[in-house]
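*Asks:* Show me how the following folds:
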Amino acid sequence: MEFHGEAIDALPMDGRFTMSNMAIEAGGKAGLFHVDNTTRKYLKGRATRKYTEYRSDPDAAYSRVIEYDAANIEPQVAFPHIPSNTRPISKVGNIPIDQVVIGSCTNGRMDDLRLAARILKGKKVDKRLRCIIIPGSQRVYLDAMKEGLIKSFIEAGAVVSTPTCGPCLGGYMGILAEGEKCVSTTNRNFVGRMGHVKSEIYLANPAVAAASAILGRIASPEEIA
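*Replies:* As a prediction, this is how the structure comes out:
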């Protein structure tokens, strides 16, 4: 899957990584973005070897082209038990939750944590649920500490983990019990993915996840004053 357009060009690298990560859930083998100045800036100081830039041919033929007006796309929530079972946040309804997971390889980068921290700062996580924050790497963890994001999370009542897959694949920490519901920024919500086969996972972006942690139900960030 190859991504183009004004909205794509405006995306920071963190957002591009998330889309590339999720391309496989949409049936792609890879998610591709053209190299631009945003890419080059990111690579500066990271790339240790000389690299070659590739672009699609101007007359490249695609098996399918889909166009979206990004300005009209609401935040989406993927309902159980497949990432493609999505609904716009305005059509979700009242769904109480038991757990929120923000982070992982899909949405655990600095832009993701900054977004969540902006919503959680000065607020409190609903006492009826668990909120787990998982930075995507040790470098992200350190940068989040320097920016004060970790402090905001802890003061809000969230638990901050060291980088790990943890609950994403049902390994440990935040394993769901029978009947529990979780809003997660991870990449998959299959049956039994996070624990009991009768638990439910709803996938969302960090802003929706943070708002949900505060209100105790799946919620839009616009509901947080």
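*Asks:* Remind me what the strand or helix carrying S212 packs against, helices and strands.
*Replies:* If you go by DSSP states H and E, S212 is part of helix 206-215. Applying 3 or more C-beta pairs under 8 Å, 6 or more residues apart in numbering; DSSP states H and E, one finds that helix 206-215 contacts strand 99-103, helix 110-120, strand 181-184. C-beta: built from backbone N, CA, C; applies to glycine.
*Asks:* Out of those, which gets nearest to D9?
*Replies:* Of all these, it is helix 110-120 that lies closest to D9, at 16.0 Å by C-beta to C-beta.
*Asks:* just the CA coordinates of the helix or strand following that closest one, formatted as CSV?
*Replies:* Using DSSP H and E, the helix or strand that follows helix 110-120 in sequence is strand 130-134. C-alpha atoms of strand 130-134 as CSV (Å, rounded to 0.1, in the frame of the first residue of the first chain):
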residue,chain,number,x,y,z
ARG,A,130,-6.8,0.6,34.7
CYS,A,131,-4.7,2.8,32.4
ILE,A,132,-1.4,1.5,31.2
ILE,A,133,1.1,3.6,29.3
ILE,A,134,3.8,1.7,27.3
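*Asks:* Next, the angle from strand 130-134 to helix 206-215.
*Replies:* 150 degrees (axes from the mean of the first three to the mean of the last three C-alpha atoms, to 10 degrees).
*Asks:* Touching strand 130-134 from outside, list them.
*Replies:* Here strand 130-134 makes contact (C-beta atoms under 8 Å, 6 or more residues apart in numbering) with 98-104, 108, 113, 116, 125, 150, 153, 156-161, 163-164, 166-167, 173-174, 213.
*Asks:* helices and strands around the helix or strand following it, which ones?
*Replies:* The helix or strand immediately downstream of strand 130-134 is helix 138-147, counting by DSSP H and E. Contact here means 3+ C-beta pairs under 8 Å, 6+ apart; on that basis helix 138-147 packs against helix 110-120.
*Asks:* Show me which residues of stretch 123-132 are buried.
*Replies:* 123, 125-126, 129-132 (16 or more other C-beta atoms under 10 Å).
*Asks:* For G15, give me its contacts.
*Replies:* So G15 contacts D111 (C-beta under 8 Å, 6+ apart).
*Asks:* Please, which helix or strand holds it?
*Replies:* helix 13-22.
*Asks:* again, but for I8
*Replies:* helix 6-10.
*Asks:* Can you dump the C-alpha atoms of that helix in PDB for me?
*Replies:* Below are the C-alpha coordinates for helix 6-10, written out as PDB (Å, rounded to 0.1, in the frame of the first residue of the first chain):
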ATOM      1  CA  GLU A   6      -1.600  16.600   1.300                       C
ATOM      2  CA  ALA A   7      -2.600  14.900   4.600                       C
ATOM      3  CA  ILE A   8       0.200  12.300   4.100                       C
ATOM      4  CA  ASP A   9       2.800  15.000   3.400                       C
ATOM      5  CA  ALA A  10       1.800  16.800   6.600                       C
END
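*Asks:* Might you report the residue contacts of Y62?
*Replies:* E2.
*Asks:* Can you give me the distance of it to E2?
*Replies:* 7 Å (C-beta to C-beta, to the nearest Å).
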